[in-house]
Structures are given as structure tokens and as C-alpha cells.
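Enquirer: Model the following, please.
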Amino acid sequence: MTACASRSHFRSRNWRPKPALVLVAIALIALCVDQSHPSQRHPLRTGTVFASAQNIVGKFATRTKLDKKDKKKKKKKRPFWRNRSEEMKEDAADDAEDLVCETPEETHTGFFQSVEVGFEDVRMVLRQKKKRKADRVILDGSIRGVAKPGRMLAIMGPSGSGKSTLLHAVSGKVKQDKKISLYGKRHVNGTPLTGDSRIPLAFIEQEVSFFPHMTVKETLDFQVELKMGAVLKTKAERDGLVKDLMNQLGLTKSANTIVGNAKVRGLSGGERKRLSIATEMISSPPLIFLDEPTSGLDSFQATQVIETLRTLANQGKTVVAVIHQPSQHTFQLFDDLLLISEGRQMYFGEISKVRQYMTDLGYGCEPEVGTAEHVLDCVSRAVGADAEAERLSGERIENIATAAKEHASEWVVFGNGGEKEGGSDSGKNHPKKMKHIIDRSAAHPGTNILRQFKLLMGRSVQELLRGKAAIIIKVMQQVSLGLIYGGIYTFDDSQASIMDRFGLLSLIVIGATNMATAQTIRSFPKEKAIVSGEMASGMYRTFPYFISKAISEIPLIGLLNGIFGSIIYPLVRLQKQKGKFQKFLGLTTLHNLASEAVGLLIGSVAPSSDVALALFPPIIILNIIFDGKNISEENTPYLLKWVNKIGLIRWGFTGLAVNEFEGLEFSSSGPFRGPVAKTGQEALARFGLDGKSLDEVVGAQMKVVVGCWLLSFVGLSLTRQKFEVMKNPLK
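Expert: The predicted structure follows:
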């Protein structure tokens, strides 16, 4: 029975696989793989088993969608102006499209078991700001190469030659910029890709950041839960995958060591590199791209990292790495070499043949000189030497580039991807069809949104609690401020105390605004750099992250304000009426929460911490000017009247003033500061605060908090990483 006939047979009987059968099939696959010969098992067998499980579930989902589509067809009535033959043609076209979508290779959610990536005519131009200056050509369009399964490709060249740019261009990771124009062609397993197709790969940047207070095991556990939680249902299965990853990448001994960063002592440079590889290998991608994985490491650690990559390549992975000045031993671990200089291709081929190739061109070297050192010398321009040396190096580079251009078609031959064969293969290997396959295999969150929120919330709280140094500093700030204020101010019922109370409450609000906003602005952009990459990889969505981030800060804010209030309230003798102290703590906590929300908004829309800190002073100054004391609402410029309504300091000051002065009575003795105010209401009237209520203040502060949170969420969503689309090469 043909595929078409089989499909029609199933449709006619309204057949659909049952969930129980799907689970049984998953169990059988797992059992078969575990019982297979050890030499045939995938090193991360758990990941592979459940990648197969994902394949089955994916087919089940596709089958279900097709059945629903058929039901809709049956219910839909044919319009009177269309004849039966037209409808039959459309049904046939739909069936053909469904057949193409369900080939075994394409429905596998892990894309292909092995991936060969080719690229040609890669060109990148950076337009200059000044029109008089010529555009800068970063890659000239001569670069052509292919990375094959089971082999390691090294991209080498002098500093500034375009190595990392090429790696990012081929992987589709060039950050979007109006000044950049990117051209070229890419192929996957001989099939051309569209410019916006995402290749399923693990991309390890030169500098990878992690949350510093999480251990190696906790980092891997967290990412496995989010990436594979829907497939690896039990904790034992997830723990098995984490254990396999740590064993394979040599991280078992440091499993309980915190990752650390520049300020917190943790993993060594080599361990951090291997951890970054481990996090990308969770879903067992067939292709691995690395940007200078040995940068900043000593020769021993660099060799360990490259030997790890060699092991992955021997398991069938396709490995592409930018390498800068490798040792001879490290260099020999690679199979192929792509040599570039000044954005032009110098050589592509096997590493074992590059020495002889340079010798044939007339640039031989002594036996004691390493191959890696020699080829880099051949393609490097002499800078700072005499004019003759610069001329000779320029001629040498030009000769090697010319020879490479002549041999390019011999070095790299791409498959036609079925484009010339006609029939069904030509449709299957069409670039748009390949994009559809890749998009279906793209990474998506491996668990539901509630689970994402729980995991992210746990990580946020854990980072806060383990940052003991930061907590101690914040506690000391609150204690010192409380003691300073308490040592200066002491209130009684005299007329002079009225202005002192207003002054202290204003200082409390301004100080809290400065500290809360500045601390968030300094810390959040660093965290944003980490979570942006995680969200771009499809690990989790923006909404659960943002909600967990916002909520996790509230307990610490309440604790710090409790410490501050407990010190300052009795020392300065603020009002002792029942419930006033609790309201004071609630108002200061709400104000700090609003201040952090403003800092979160600034940090989410600012591209860097420097820009965020530059925005901070003018925002604070505006809030101080419109705090309710420095300018009356009637004299506020028309275009700035909105600041009064959302003034952070204004509402914080108003709330504390209303809470403090309501119910107070003052004596008429002592020095006078203006008209005598016998009650707190009369004192509030001096600043136009009579008639204000705590309900109004709380409502305004909550609007500021919610508004800043919503805008921060939108800002995070809009500033997510976007990448350049590779256009077809210029003719």
C-alpha cells in the first residue's frame, strides 16, 4: 500500500494514535536503545532516547492536526460558484503537501542526526557614518567552505581578519544593525537555505556568563528542566542526563562548585568553557560552533577543551571553532582548516596538506617551525616594520589570496540538493521547504509556563539569598542611615518640629529612591545579558521570567525597610499612635518597590549599564523638582504636568507626611516658622497636602509599580536579540 493510499485508508476510518500507544512506543524505543550494543549507544543516551520520543510526539501532533483539518474540510460547504473539479485539485494539493511534511527525516524534532554545513560568497559591508568615507569591507565575498560530520574545522587568521564575523554570519548570529549589509549562501546537507533560516546548532560565545552563585550541577539541572522537562518526565531521567554531561565534559569533580564571576571566586577558565559547552549539549545538537574557546586559557586548559571537542566530533558531531594562535598539539587535533586574512580566503582544506600547499606557493618553512605558526606568518601583514617588509608581506597575502580564489571551486563542492533532478525531490529540497523543516526543529521551551515560573522564581530567590555580601552591604546601609537620621533629628510638639518633620520625611523618600533605583540599574543589565541569550535560545518566555524577577525582590525589600524603620522610628520620636508604625513600614516598602520598578524599566530598555546610569540622574532630578514642595502644581509647565501625576518622590513624600501629621497637635510655644499650625491638618495645608489620603497615595504608587512593570515587560520583549538576514550574493 502506498503512502497516499495508506493515508486515505486511515482518514476514511478516522484513525488516530492513542496517547497510551504513544507512551508504549516511547518505552519500547528506550528499552531497545538501552539494550543495544555499547558501541552503538549515543554518549548522552538519555537525551537521544527522548529526542526519539519527541519525534513520536511530534508525529502524533502532526497527525492530530491533519485529522482536524480533514474534519473542517468535511463540514465546509462548497460555494455555488465553484465546481467540483477545482475542489478536488485543492484536496490533492493539500494531500501532497501533507505527504511532504511527514517524511521520516523531516519530522524528527532534532532536525538531522548529522549535519553538513556549507557556505559560499559570504560578504559583509559596514557602512560608515560619514558619506565621504568608503564603506568598510569586513568579508569580501571570496570565502567558501564546508563543515562535515565527524570532523573539526578550525577558522584561523590574524587579529581583525574577520574570523568571528564569519562564524557569526554562517550561524545566523550577526546582531541586527542598520549599518551592516550581509550577503552569502548557506547549505545544509547539500540543500540551500533561505537567508532567515536558523541552523539547529549549539553556539558558544567567546565570553559566556552564568548566574555566579549557582553550582555546576544546579546550572545544568536548571537548564535540563527547562529544555527537556516535557520529554524527561522523571527526576531520575533528568539527573541521568546531567550526570552524563558532567562525566563527558570533565565536570564531575566541580559539580558542587559555584560558577562564580570576576568578583566571586568559582570555576577556573577551562571549567567555565566546558560548562558552556555542556549547557549547549543538553538537547544533543548535531552542530557545534565555538568562538575562540581557548581564549584566556593556558596551554593545558586549552588542550583539555579541544580534546573534549575532539571527543564530540568522533561521536558524529560537526564542530567549527575559531582558534587564535593554537599550540601545535592543539592544532593537530583539527581535521580541516579555513584560513582567512583581511576578510579574504587564503586556504581551505585538510590541515595535513596546508604546509605542503604553502611550500608549493613558494612560502616554505624550516622543519622546526610549527605548521600553525607558519601559516599565520604567511597571511599576516607586517606592521610597524620598514617599508620593504610591509610591501613584501602585502604581495605575499595578495598572491596567496589569488591562488585561493583559483582553487576555491576545487576545494569545496556543494551538492545540488536535488534541484536538478526534478520530481518530488526538487520540492523536498527547496530552500523554503528546508526553512520549514528547520523552524519545526527550532528550540522551544521544554516545559509549561507555570513550571517555567517556578524554576525561575527559585533561581531568583536563590541568587538573592546566596549573595551574602550584597545583603550585608544593604543591611549596613539601612542601619547607618537610621542611626544618622536618629542622631540628628529628635521631634517634639513645637512649631519648629513641623519643618523638621517635613525635611526628614523628604530625605527618607529621596534617599530610598536613589538607592533602590541605582542598585537595580547597576545590577539588572548584567542579568539581562544572561537571560537575553537564554530567551533567544527558546529556554523560557519573557513573561514568567519577568514576573519571577519582580516578585522575588519583595521579601528582601520588606526586610530592609523593617530594619530601617525599627531604628529610625523610636530614635526621632515619630508619631506613636496605634497603627502609624505599621503604615510607615508599608508606605516605605511600597515606595522602595516603586523605585525598583523604575530602575527595572530603565534597565530593560537601556542597551547597556552605562546608558542606564546616564539616564538615572535626569530622571531623579525631575522627580525631586516635582516632589510637591519645590514647585506648585499650578505653576508646573503644561507639557510637564504629567510628571506630577506619576512623580515617584511626590507620592512617597505625600504618603509619609499624611501618615505622620494626621492626628498630631502642636503647641504655640517656641520659635515660629510662618503661621502657627496647631494641628497636623493645618501643617499639611502649608504644602497643599490637605485633603490627601493614604488610599490615594497607595493607589498612585501601585499604578507606578504596575505601569513600570508593564513597560519593562514590553521593553524586554522588544529588545530581544534580533539577527541579520543573509541576502543573496551580489552579482
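Enquirer: Now do the phi/psi pair for residue 264.
Expert: Backbone torsions of residue 264, given as degrees, to the nearest 10, read phi -110, psi 120.
Enquirer: What of residue 134?
Expert: Residue torsions, per degrees, to the nearest 10, at residue 134 are phi -70, psi 150.
Enquirer: mean confidence score for stretch 256-267?
Expert: For stretch 256-267, mean pLDDT is 89.
Enquirer: whoops, stretch 607-617 was the one
Expert: 86.
Enquirer: Show me what counts as buried in that stretch.
Expert: By 16 or more other CB atoms under 10 Å, the buried positions in stretch 607-617 come out as 609, 612-613, 615-616. Glycine gets a C-beta too; all of them are placed from N, C-alpha and C.
Enquirer: Those residues in helices, which ones?
Expert: In helices, defined here by DSSP state H, the members of the buried residues of stretch 607-617 are 609, 612-613, 615-616.
Enquirer: Please give the element, helix or strand, for the most centrally placed residue in the chain.
Expert: Nearest to the geometric centre of the chain sits residue 533, at 1.3 Å (CA atoms, centre = their mean). In the assignment (DSSP states H and E), residue 533 maps to helix 496-536.
Enquirer: picking that back up, adding distance to residue 410, write the buried residues of stretch 607-617 out as JSON lines.
Expert: Output for those, formatted as JSON lines (distance: CB to CB, whole Å):
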{"residue": "609", "distance to residue 410": "50"}
{"residue": "612", "distance to residue 410": "53"}
{"residue": "613", "distance to residue 410": "55"}
{"residue": "615", "distance to residue 410": "56"}
{"residue": "616", "distance to residue 410": "59"}
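Enquirer: which ones are touching the closest residue to residue 136 other than its chain neighbours?
Expert: Closest residue to residue 136 apart from its sequence neighbours, by CB to CB, 6 or more residues apart in numbering: residue 126 at 4.4 Å. Residues in contact with residue 126 (CB atoms under 8 Å, 6 or more residues apart in numbering) are 135-138, 179-180.
Enquirer: any idea which of these is closest to residue 399?
Expert: Closest approach between those and residue 399, by CB to CB: residue 137, at 19.7 Å.
Enquirer: Just the strands from the stretch 301-450 of the chain, written as ranges.
Expert: Taking DSSP state E, counting those that start in this stretch to define them, one finds strands in the stretch 301-450 of the chain at 318-322, 336-341, 344-350.
Enquirer: would you list those strands in TSV and tack on mean neighbour count and distance to residue 649?
Expert: Shown next, in TSV, are those (neighbours: other CB atoms under 10 Å; distance: least, CB to CB, whole Å):
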stretch	mean neighbour count	distance to residue 649
strand 318-322	25	50
strand 336-341	26	56
strand 344-350	23	59
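Enquirer: Format those strands as a markdown table; extra columns: mean pLDDT.
Expert: As requested, the strands of the stretch 301-450 of the chain are exported to a markdown table (pLDDT from 0 to 100):
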| stretch | mean pLDDT |
| --- | --- |
| strand 318-322 | 94 |
| strand 336-341 | 94 |
| strand 344-350 | 93 |
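Enquirer: between these, which gets nearest to residue 690?
Expert: Of all these, strand 318-322 comes closest under CB to CB, at 68.6 Å.
Enquirer: For that closest one, which helices and strands make contact with it?
Expert: Applying 3 or more CB pairs under 8 Å, 6 or more residues apart in numbering; DSSP states H and E, one finds that strand 318-322 makes contact with strand 136-147, strand 152-156, helix 163-171, strand 287-291, helix 299-314.
Enquirer: Now tabulate these in TSV and tack on mean neighbour count and distance to residue 583.
Expert: What follows is the helices and strands packed on strand 318-322, written out as TSV (neighbours: other CB under 10 Å; distance: least, CB to CB, whole Å):
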stretch	mean neighbour count	distance to residue 583
strand 136-147	20	61
strand 152-156	26	64
helix 163-171	23	55
strand 287-291	24	55
helix 299-314	18	58
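Enquirer: among the ones you listed, which is nearest residue 339?
Expert: strand 152-156 (5.5 Å).
Enquirer: and of the buried residues of stretch 607-617, the nearest to residue 590?
Expert: Using CB to CB, residue 616 comes nearest to residue 590 of these, at 21.0 Å.
Enquirer: my read: that closest one touches residue 517, true?
Expert: Yes. At 6.6 Å, residue 616 and residue 517 qualify as touching, with contact defined as CB atoms under 8 Å.
Enquirer: still on that earlier bit, need the strands of the stretch 301-450 of the chain in TSV (columns: distance to residue 212).
Expert: Listed next are the strands of the stretch 301-450 of the chain as TSV, based on distance: least, CB to CB, whole Å:
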stretch	distance to residue 212
strand 318-322	26
strand 336-341	35
strand 344-350	40
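Enquirer: between the ones you listed, which gets nearest to residue 477?
Expert: Among those, the nearest to residue 477 by CB to CB is strand 318-322 (44.3 Å).
Enquirer: Specify the angle between the closest one and helix 299-314 in degrees.
Expert: Counting by axes from the mean of the first three to the mean of the last three CA atoms, to 10 degrees, strand 318-322 lies at 150 degrees to helix 299-314.
Enquirer: Dump strand 318-322 to PDB, restricted to CA.
Expert: Presented in PDB, the C-alpha positions along strand 318-322 are these (Å, rounded to 0.1, in the frame of the first residue of the first chain):
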ATOM      1  CA  THR A 318      30.100  18.700  13.300                       C
ATOM      2  CA  VAL A 319      32.500  21.100  15.100                       C
ATOM      3  CA  VAL A 320      33.500  24.500  13.900                       C
ATOM      4  CA  ALA A 321      35.800  26.700  16.000                       C
ATOM      5  CA  VAL A 322      37.600  30.000  15.700                       C
END
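Enquirer: That strand pairs with which strands, parallel or anti?
Expert: Looking at strand 318-322 with DSSP bridges, its partner strands are strand 152-156 (parallel), strand 287-291 (parallel).
Enquirer: phi, psi of the closest residue to residue 271 other than its chain neighbours?
Expert: Once flanking residues are discounted, residue 271 sits nearest to residue 254: 5.4 Å by CB to CB, 6+ apart. Per-residue torsions, residue 254: phi -100, psi 20 (degrees, to the nearest 10).
Enquirer: I'd guessed residue 254 sits against residue 267; true?
Expert: Yes. Residue 254 is within contact range of residue 267, at 6.1 Å (criterion: CB under 8 Å).
Enquirer: any common contacting residues for these two?
Expert: Both residue 254 and residue 267 are in contact with residue 216, where contact means CB under 8 Å, 6+ apart.
Enquirer: Quickly note the distance from residue 597 to residue 693.
Expert: 22 Å (CB to CB, to the nearest Å).
Enquirer: Between those two, point out the one with more neighbours.
Expert: Neighbours were counted for residue 597 and for residue 693 using other CB atoms under 10 Å; residue 597 has more, 26 against 12.
Enquirer: between the strands paired with strand 318-322, which gets nearest to residue 367?
Expert: For these, proximity to residue 367 was assessed by CB to CB; strand 152-156 is nearest, at 20.9 Å.
Enquirer: Show the average pLDDT along that closest one.
Expert: 95.
Enquirer: contact partners of it?
Expert: Strand 152-156 is contacted by residues 145, 147, 163, 166-167, 309-310, 313, 318-324, 326, 331, 333-340, 351, 372, 375-376 when judged by CB under 8 Å, 6+ apart.
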